[in-house]
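>>> Predicted structure and sequence below. I'll ask about it afterward.
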Amino acid sequence: MIRHSVRALCAASLVIAPVALAAAPAHAQTTCTVNGVSVGPDSTGVVNGTTGNDYIVCATVESGTTVNGLAGDDTIVVNGPVLGHVTGGPGRDYVSASSVGAGGLVEGSPDSDYIVVSGTVSPGGIVRGNTGNDYLRVDTNNGTTNGGDGFDVCRVRTGNNPSINCEL
Ligand SMILES: [Ca+2]
Ligand SMILES: [Ca+2]
């Protein structure tokens, strides 16, 4: 005898109304929109995209915070400096930042990415394509601009440091 215990778990959908957390303590300065919706860092300091293609815009990315596009072909635009970590995640991503400060890291994914820093990569700042055939454009490279594995095209206008692992 087969006991058929289908439990229609009417999961009391715990929809927690977005109570305005006006006074978010740490990492308060990193604010982004993910596909048009304003998102602040979670308790671990991370702003995540979705596993699909995302359009993420941030004012700045502060130290100790991460913006992660996750999978999909993402566009991530940081209008100010990156002092934390920005990663496109898997997929062919477009990532841009106005500058990368000391301790800041802007990186692509295992796929081919397009990364632009319109200003300066400071000493201690890193722009990294990782695997895949990447295109890296940096205005002033005083930090590290690294194509990583793959056939990478790097365009650095000026700066103290040469780009590395760039094939063209
Ligand atoms: Ca994504
Ligand atoms: Ca690469």
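Nice, thanks for sending it over. Ligands and ions are numbered 1, 2, ... in the order given.
>>> and Arg92, backbone torsions?
phi -90, psi 110 (degrees, to the nearest 10).
>>> Likewise for Thr87?
According to degrees, to the nearest 10, Thr87 has phi -130, psi 140.
>>> What residues does the protein have near ligand 2?
129, 134, 147-148, 150, 152 (CB under 5 Å from the ion). The way it works is simple: take the backbone N, C-alpha and C, and place the C-beta from them, glycine included.
>>> what's the nearest residue to Val78 if we skip its chain neighbours?
Ranked by CB to CB, 6 or more residues apart in numbering and with sequence neighbours excluded, the top spatial neighbour of Val78 is Ala97, at 4.1 Å.
>>> for that neighbour, what are its contacts?
Contact analysis of Ala97 by CB atoms under 8 Å, 6 or more residues apart in numbering lists 61, 78, 80-82, 86, 106, 116-118.
>>> what about the residue in the chain that ligand 1 sits nearest to, helix or strand, and which?
The minimum distance from the chain to ligand 1, using CB to the ion, falls at Gly72 (3.4 Å). In this assignment (DSSP states H and E), Gly72 forms part of neither any helix nor any strand.
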